[in-house]
Structure formats: C-alpha cells, structure tokens
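> Let me see the structure of the following:
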Amino acid sequence: MTKPASILIVEDSRSLALTYVVYLQDQSFSVSTVETGQEAKKAILKNRPKIILLDLKLPDMDGLDILKWMNSNKITAQVIVITAHGSVSIAVDAMQAGAFDFLLKPFSKERLVTTVRNASKLIELETIVEHYRDNSNSKAVGDFIGESAPMKAVYRMISDAAPSRASTFIMGESGTGKELCAEAIHLHSPRKEKPFVALNCAAIPANLIESEIFGHKKGAFTGASEDRDGAAVKADGGTLFLDEICEMPMDLQAKLLRFVQNGTVMPLGSTDEVKVNVRFVCATNRTPWEEVERGTFREDLYYRLHVIPIHLPPLRDRGNDIIRIAEYLLHRYAKEEGKDFEKIGPSAISALMAHDWPGNVRELSNVIQSAVVLNEGPDLKGTMIADLVGRGRRRRDQLSHAQTESKQRMTVHQDDQEVESIRPLDQVEREAIEHAIALMDGKVRKAAKALNVNASTLYRKMKSWGVDPV
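As a prediction, the model looks like this:
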C-alpha cells in the first residue's frame, strides 16, 4: 500500500494554517505546520515532505528564497505557493522557479483539496518512473524496452520461436517495432552468426521487387548492367525478413510460394535455380486473413508463412513502458543534440501517459526528438510536448468531426427511394468486371489492367461465378 504523502504548511498566520489543516484532515495526508522561513528549511531537511504549501510572504524571508534554496540543494517536492490577489506576477515567478501550482487567497476547501490531490498523483507517477529506472535488469529481448504484461508475452513468444526454423508472422500497427521483433528472433536463433536481410515490400516499386528478392543476370532488363544477388541469396544461412508482405503483388506471391516450398530461387534472366537456406520472418500492419478473404493475399502462401504468429501490442496498451521508452529516447537525443536533458518532469509524464499514441513508438520518438531540439533541459516539461502530442489528436478529432457531419448530411438528404436503390457490392463488382471484359473484346488481362487489379483476381472471381475464363 502506498504511504500517504506528507504535507508541510508554511504559513505565518496560525489561524489560516489551522484552517488548511482542517480542510485536509479527511484526505489521509500527514500534515505539519511552521510559521517562518528558517523553520521551514529545518523541517524540509529533517522530514523531506512530498508536498509543501508555501506562503510567499513570511516574516523573515520571501517564499521565493525558499524555492531557490531547494533548487540549489536539489531538494524535490511539489510546492504549491500561496499568495494574495495583488501578487499574481510573483506567483508566476514562483512557477517558473519550479513550483507545481499556486493558490490565490482566499480559496475554498475544494480548490485546496483538488490542487493537493493533483500534486499527490504526480508524486505517484514520479515514484513509478523511479521504480522503472532502478529496476534496469529488464527481461526484454533484443532492443525492446518495457516490462508490461503484453510485452512479456511477446518476449516469451520470441524466445519460443527463435530456435525453430518455422516461418514467423509478426502483426501489429505501424510503429510498434515489427523489425525489432524480427531482429530479436534472429539474434536468439542458431542463425545469429549468419546474415539478417530485411526487405520492405511496400517501399520497392512493383517492377523491381522480384529482382530485389531473387536477383538478376546481366541484361535481364533495361539497366541490368551486371549480375546481382537478391535478398534471398544474401540471406543464405540466415534470416530473410519480408516487411509489409501483404503489399506484395499477386504474381510475385506465386514465385515466393515456390521459393518457400522448394528452397530454390531463379534470378531474372537465368535458367538455373539456386539453392538457398533461409528462415522466413514476415510482418504486416494489416490482418493477413482478411487480405486472403479480400483476394489480395494467396491462401496457400498464408498457410506457409503464418506458422508462428506474434502480435505486437500498440503503445497505448503498454502502460508505464511509455515512460521507460521516453526516458531512453530523451537521453539518446540529448546526447546526439548536445543538450543537458536529464529526466522527464511530472507534468510531461502526465501528458505522455494521457496521449493514445496512434503512431506508437515511432510517434513517441518523433515527439521526444522534437522537444529536445526545440528546448533546453535539464527537465523535460509538459509545456515542451503539449503541442507535439496534440497534433495527432487534433487531426483525428477533425477527421472524426468531418465524418460525423458527412453522415448527418447524408441522413438528412436521403429518402426511401435512394435507400432502395442501393445494390449489393458483389453485384456491382461483377457488373463492373463483366463490362470491362466486354469493352476489351473478352481479353481478361487487358480488362484487369484497365481495372488496376491482377489478372489472377479476375480469373478467381469468374471461377466463383461459374464462368469459364477461357
């Protein structure tokens, strides 16, 4: 059970101090009071309170002097300054000096309790960060950072999958670390001394991807000025990682299937097969079986590659791993940029934990790097990242609002006749395909090109309709 936060009230008016004590008596806090600055310093050194209610006007010194003294002695506490209405500018100076919040006299019980509770919650977050900082013996594998339950499940899957030769299929949203997972599998496998070759199927033009995988001979196509080994040959004995595999063209999927089945490749422009021994690891940010049902991914290839599935959780489901990763990135980028950042402040921790991270670790990395470049340390504060973490949320809110308005407009203007005119999608699709084939004088491949789909897709559709493609 977490020990209640200790509170020190620094107030020269005994009646006001007792009023604050009464306000807080039902909140399970340990509360003590002092009346002067010198007494405050002694109490702070002796008891190390977690929260300090500090009146800025004391009989022997200014409250700002106590704040400066705490900073110079590296004494950490959540300081809530108390001031009169005419001293708001001084309260702002106190906030810039490191105070957590300020209260203007007179204030209500609810205002005091809410402010103290907020300070207490930030202390709990700081405690979490310290816990993860001190427990550096993480059970993470490879370059992963984090000890959340979802990631521990991933680590177990990696450890179980690594010794095997079975093909592994990694799934997860963009930015969750699918390539890190593939590298971890390779580094924990018997093939770790052999090459790890990664190929992003979405980043290579369709007319070049076959050559990138299987290689080519000189003169195989325009620009092929010399023989070149593909990724399959380069990965011989090791691991071939095919990222975004669901983006691979259907005709190339057939050749990949043959490679998976036989362990042989034929470079473009060659008549000789090359025997290679690779372990296949694939990844996608889509749902593979949905792609099979949609007709964009071969079912037989799916079963060959989807032997060991590993699901990487989104960052929003990883709890306090967000802070561990952010700390690592903060130190890394601070070193790269020559900045003096040392730690993540409570307000920044709160902002990081509140964001849902649609871009996952890639988005978090971008936010931390931008904050480091644009600001100075030693603490990363919430104000430094507020706009950065808000961009994605604003874009999503705008999109959601636009979609809602669009739906409302459609609902208002649709009448019963328009609703009845809607036809099943498969019927519309068949009519479009048959119309295209008719315009192309029955030539299926020309129709497929005009429709911007693979010919195999049209053949498969026609077969399902009971139509002879010939």
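
> Tell me where the model's unsure across the stretch 101-250 of the chain.
Residues of the stretch 101-250 of the chain meeting the criterion pLDDT under 70: 128-139.

> Kindly recompute the last result at 50.
Along the stretch 101-250 of the chain, segments meeting pLDDT under 50 span 135-138.

> Spell out the residue ranges of the strands in the chain.
For the chain, applying DSSP state E gives strands covering 6-10, 30-34, 51-55, 78-83, 101-104, 168-171, 196-200, 239-243, 264-265, 274-275, 279-284, 308-311, 343-344, 379-380.

> what pairs with the second one, and is each one parallel or antiparallel?
Meaning strand 30-34. Paired neighbours of strand 30-34 in the sheet (DSSP bridges): strand 6-10 (parallel).

> The strand it pairs with: which residues count as buried?
Neighbour-count burial for strand 6-10, counted by 16 or more other Cβ atoms under 10 Å, picks out 6-10. Glycine gets a C-beta too; all of them are placed from N, C-alpha and C.

> got it, and stretch 369-381?
369-372, 379-381.

> Spatially nearest residue to the residue positioned nearest the centre of the chain, not counting backbone neighbours?
Nearest to the mean C-alpha position of the chain, by Cα atoms, centre = their mean, lies Asn360 at 1.1 Å. Excluding its sequence neighbours, the residue lying closest to Asn360 (Cβ to Cβ, 6 or more residues apart in numbering) is Gly175, at 3.4 Å.

> If we ignore the residues flanking it in sequence, what's nearest Ala436?
Ala447 (4.1 Å).

> burial count for that neighbour?
Counted with other Cβ atoms under 10 Å, residues neighbouring Ala447 total 22.

> how about it, what does it touch?
Shown in contact with Ala447 (Cβ atoms under 8 Å, 6 or more residues apart in numbering): 433, 436-437, 439-440, 458.

> if I look at it, how far off is Asn454?
Going from Ala447 to Asn454 by Cβ to Cβ, to the nearest Å gives 12 Å.

> What of Gly63?
73 Å.

> quick one, which of these two is more surrounded?
Per other Cβ under 10 Å, whichever of Gly63 and Asn454 has more neighbours is Gly63, with 25 against 19.

> ok, that one touching Ala94?
Yes: with contact defined as Cβ atoms under 8 Å, Gly63 reaches Ala94; the gap is 7.0 Å.

> Touching both of the two, which residues are there?
Common neighbours of Gly63 and Ala94 (Cβ under 8 Å, 6+ apart) are 56, 81.

> my guess is Asp236 contacts Thr264, does it?
No: counting by Cβ under 8 Å, Asp236 does not reach Thr264; the two are 11.6 Å apart.

> Mind checking which of those two has more residues around it?
Per other Cβ under 10 Å, whichever of Asp236 and Thr264 has more neighbours is Asp236, with 17 against 13.

> for that one, what are its contacts?
194-195, 276-278.

> And it, how far from Ile209?
From Asp236 to Ile209 the distance is 19 Å (Cβ to Cβ).

> Give me the neighbour count for Asp160.
Counted with other Cβ under 10 Å, Asp160 comes out at 11.

> Skipping its backbone neighbours, what lies nearest it in space?
Using Cβ to Cβ, 6+ apart, the nearest residue to Asp160 is Ile308, at 7.9 Å.

> That neighbour contacts Ser167, correct?
Yes: using Cβ under 8 Å, Ile308 makes contact with Ser167 at a distance of 7.1 Å.

> Show me the buried residues of stretch 369-381 that map onto helices.
When DSSP state H is applied, these are split such that 369-372 fall in helices.
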